[in-house]
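Peer 1: here is a sequence together with a model predicted from it:
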Amino acid sequence: MRLTVWHDGGCPLCRREIALMRRLDRRGAITFVDASDGASACPRDRKALLDRLHAEDDGRMLSGAAAFAAMWRAIPLLRPLGLAARAPFVLDELEWLYGRFLAARPMLQRFARRLEGQAA
């Protein structure tokens, strides 16, 4: 199985999340694509790819919690979480949580950028 994940490399939160996933993906099962660079090919509207995490799994395009669950299934350590998310009620709850995160994302990004500025 080969999984492609599009993420917002301009977002400090996303950069941290993807850095962690890269470290955990020791088998190299995931291709990570920074949709913010303007140079990468995008299967969807670039803004849509930047607004929510997207993944292509076996030819199916997924977004939000479903994209996270596919990414988790590709990483042995996180696979049990990804398998649990196949249950509709679990995925529905994860999507609800992801929606709350997206609502708070701009504020969290500002905070993370300030922290990055202090560390530099």
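Peer 2: In hand now; what should we look at?
Peer 1: going forward, measure contacts and count neighbours with C-alpha atoms only.
Peer 2: Fine.
Peer 1: can you list phi and psi of the residue nearest to the spatial centre of the chain for me?
Peer 2: Closest residue to the average C-alpha location of the chain: Leu53 at 4.3 Å, with C-alpha atoms, centre = their mean. The phi/psi pair for Leu53 (degrees, to the nearest 10) reads phi -60, psi 140.
Peer 1: which residues touch it?
Peer 2: Counting by C-alpha atoms under 8 Å, 6 or more residues apart in numbering, Leu53 makes contact with Val5, Trp6, His7, Asp8, Ser63, Gly64, Ala67, Phe68.
Peer 1: and those residues, which is closest to Ala112?
Peer 2: Asp8 (14.3 Å; C-alpha to C-alpha).
Peer 1: I'd say that closest one and Leu49 touch.
Peer 2: Yes - counting by C-alpha atoms under 8 Å, Asp8 does reach Leu49; the two are 7.5 Å apart.
Peer 1: pull up the overlap in contacts between the two.
Peer 2: Residues touching both Asp8 and Leu49 comprise Ala35, with contact defined as C-alpha under 8 Å, 6+ apart.
Peer 1: Thr31 - that's part of a helix, no?
Peer 2: No - applying DSSP: H, G, I helix; E, B strand; the rest coil, one finds Thr31 to be strand, outside a helix.
Peer 1: which residue is the nearest non-sequential neighbour of it?
Peer 2: Once flanking residues are discounted, Thr31 sits nearest to Thr4: 4.6 Å by C-alpha to C-alpha, 6 or more residues apart in numbering.
Peer 1: and the gap between the one you found and Arg110?
Peer 2: 28 Å (C-alpha to C-alpha, to the nearest Å).
Peer 1: how far out from the middle of the chain is the lengthiest helix in the chain?
Peer 2: For the chain, the longest helix by residue count, based on DSSP state H, is helix 88-119. On the basis of C-alpha atoms, centre = their mean, to the nearest Å, helix 88-119 sits 11 Å off its chain's mean C-alpha point.
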